[in-house]
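In: Sequence first, predicted coordinates after that:
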Amino acid sequence: MSERKFKLTCIVCPLGCEVEVTMEDGRITKVEGCRCPRGRDYAIQEVTEPKRTVMSVVPVKGGKFPTVAVKSDRPVPKELIPKIMRELAGVELEAPVKVGEIVVENVLGTGANIVATREA
Ligand code: SF4
């Protein structure tokens, strides 16, 4: 039987609980240190399939600004972030760009859209 322990800080709320997740043979057997179920869910997600919101900047042709900040509208698997960044490196928008406009739909089949965070 192989046991692994993961220590992490919960970032769901400002309390920042120190959490320890124990896995045995690939199964989670213990989650300690959380003060609430949201933290427990976060810790399990973080150990089994960590996700992050992607943020980047893409160029805009003919706009008020030469670039616009973009982000994913939901967290995506952390391991896909380098691929998503490579995909975004090939994107150039035409003005006008609206807040919330979808820049890349369902990026890499994650179900997340990359959206503009402001007008350009
Ligand atoms: S475990 Fe709950 S109380 Fe603790 S930081 Fe996470 S969300 Fe906040």
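Out: Perfect, thanks for sending it.
In: List the buried residues of stretch 43-58.
Out: Residues of stretch 43-58 classed as buried: 43, 46-47, 51, 54, 56, 58 (neighbour count, 16 or more other CB atoms under 10 Å). C-betas here are computed from N, CA, C, even on glycine.
In: Just give me the closest of these to the ligand.
Out: residue 43 (7.7 Å; CB to the nearest ligand atom).
In: contacting residues for that closest one?
Out: Shown in contact with residue 43 (CB atoms under 8 Å, 6 or more residues apart in numbering): 8, 10, 19, 21, 31, 34.
In: just those now: which is nearest the ligand?
Out: residue 10 (3.1 Å).
In: The ligand next: which of the contacts of residue 43 are close?
Out: Counting by CB under 6 Å from any ligand atom, 10, 34 from these sit close to the ligand.
In: Helices of the protein, residue ranges please.
Out: 37-48, 81-89 (DSSP state H).
In: Per-residue pLDDT of residue 103, please?
Out: Looking at residue 103, its pLDDT stands at 96.
In: Next: residue 67.
Out: So, for residue 67, pLDDT stands at 96.
In: For burial, what's the neighbour tally of the residue of the chain at minimum distance from the ligand?
Out: Per CB to the nearest ligand atom, residue 39 is where the chain lies closest to the ligand, at 2.0 Å. Per other CB atoms under 10 Å, the neighbour tally for residue 39 reads 21.
In: How about it: what's its closest non-neighbour residue?
Out: Once flanking residues are discounted, residue 39 sits nearest to residue 10: 4.3 Å by CB to CB, 6 or more residues apart in numbering.
In: Next: residue 62.
Out: Using CB to CB, 6+ apart and skipping the chain neighbours, the partner closest in space to residue 62 is residue 95 (4.4 Å).
In: Now do the same contact list for the one you found.
Out: 60-64, 120 are the contacts of residue 95 under CB under 8 Å, 6+ apart.
In: Which of these are buried? Put it as a PyMOL command.
Out: In PyMOL, this line selects whichever of the contacts of residue 95 come out buried by 16+ other CB under 10 Å:
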select buried, resi 60+63+120
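In: All set now, cheers.
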